[in-house]
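Trainee: attaching a predicted model along with its sequence, questions to come.
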Amino acid sequence: MRTATLPDRFVAIDVETASRSPARICAVGAARMEFGQETRSYRSLVHVDGRVRFTHIHGLTAADLRAAPLWPDVWRGVIDVMGEIRTLVAFRASFDRAAILAMSAHYGFRLPRLRFVCAADLFETQHGSKLSLSACLEALRIPFPGRPHEPLADARAAAALVLACLAAPDAVPPP
């Protein structure tokens, strides 16, 4: 990603999955960023049938997800936050992109044209380190905005990471 091409308005997004299948999103968080400030946000669980594998990571169980809304309803909530913005920032954007595309294909609907920007790649390009989201923020001395693996907190963290990298593109994090 080239920093000069990131617009002043973007939506940071994060998804959590119930298994290794990208078509099993179980939670999503989105934070709309305009000129460095969060202007709207959205968080929702997503209905998932069957076993939930990554409870030890995100804390969600099958019981938590049974009564959650289906992906089409959740995606409408994300679209509402996005409005006309079509640039999505995620920490590991290829993962989030694949999951969003798989879920949407599973439910048979087309997405608008979206541009995904990877916050992890931006950090790695600028600082030469491949770290976790928490470690990236720690290296930049930015407090984590919530609990890691809670999707809205992770979306906000990705936004903070990108904004910090854009503000100081030549800075090197402390060891």
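Mentor: All right, it came through fine.

Trainee: which helices and strands does the longest helix seen in the chain pack with?
Mentor: Scanning the chain for the helix with the most residues, using DSSP state H, yields helix 151-167. For helix 151-167, the elements it packs on are strand 9-17, strand 25-34, strand 37-45, strand 87-90, helix 119-127, helix 133-139, judged by 3 or more C-beta pairs under 8 Å, 6 or more residues apart in numbering; DSSP states H and E. Every C-beta, even on glycine, is put in place using the N, C-alpha and C of the backbone.

Trainee: name the residues that touch that helix?
Mentor: With contact meaning C-beta atoms under 8 Å, 6 or more residues apart in numbering, helix 151-167 is reached by 3, 6, 10, 12-16, 27-31, 33, 36, 38, 41-43, 58, 89-91, 117, 119, 122-123, 126, 133-134, 136-137, 140, 142, 144-148.

Trainee: among those residues, which ones are buried?
Mentor: Buried subset of those (neighbour count, 16 or more other C-beta atoms under 10 Å): 6, 10, 12-16, 27-31, 33, 41-43, 58, 89-91, 117, 119, 122-123, 126, 133, 136-137, 140, 144-145.

Trainee: low-scoring stretches of this protein, by residue?
Mentor: Along the chain, the parts satisfying pLDDT under 70 run over 1-5, 169-175.

Trainee: the nearest residue to A93 once chain neighbours are set aside - how many residues pack around it?
Mentor: With sequence-adjacent residues excluded and distances taken as C-beta to C-beta, 6 or more residues apart in numbering, A93 is closest to C118, at 3.7 Å. C118 has 21 neighbouring residues, counting by other C-beta atoms under 10 Å.

Trainee: what sits against C118?
Mentor: Neighbour list for C118: M1, V89, A90, F91, R92, A93, S94 [criterion: C-beta under 8 Å, 6+ apart].

Trainee: how about 7 Å then?
Mentor: C118 is in contact with M1, A90, R92, A93, S94, counting by C-beta atoms under 7 Å, 6 or more residues apart in numbering.

Trainee: could you do R86 as well?
Mentor: Applying C-beta under 7 Å, 6+ apart to R86 gives the contacts P112, R113, L114, R115.

Trainee: how about R53?
Mentor: A18, S19.

Trainee: now swap in F91 and tell me
Mentor: Applying C-beta under 7 Å, 6+ apart, the residues contacting F91 are D14, A119, A120, L133, D154, A158.

Trainee: what's the closest of these to A98?
Mentor: D14 (13.4 Å; C-beta to C-beta).
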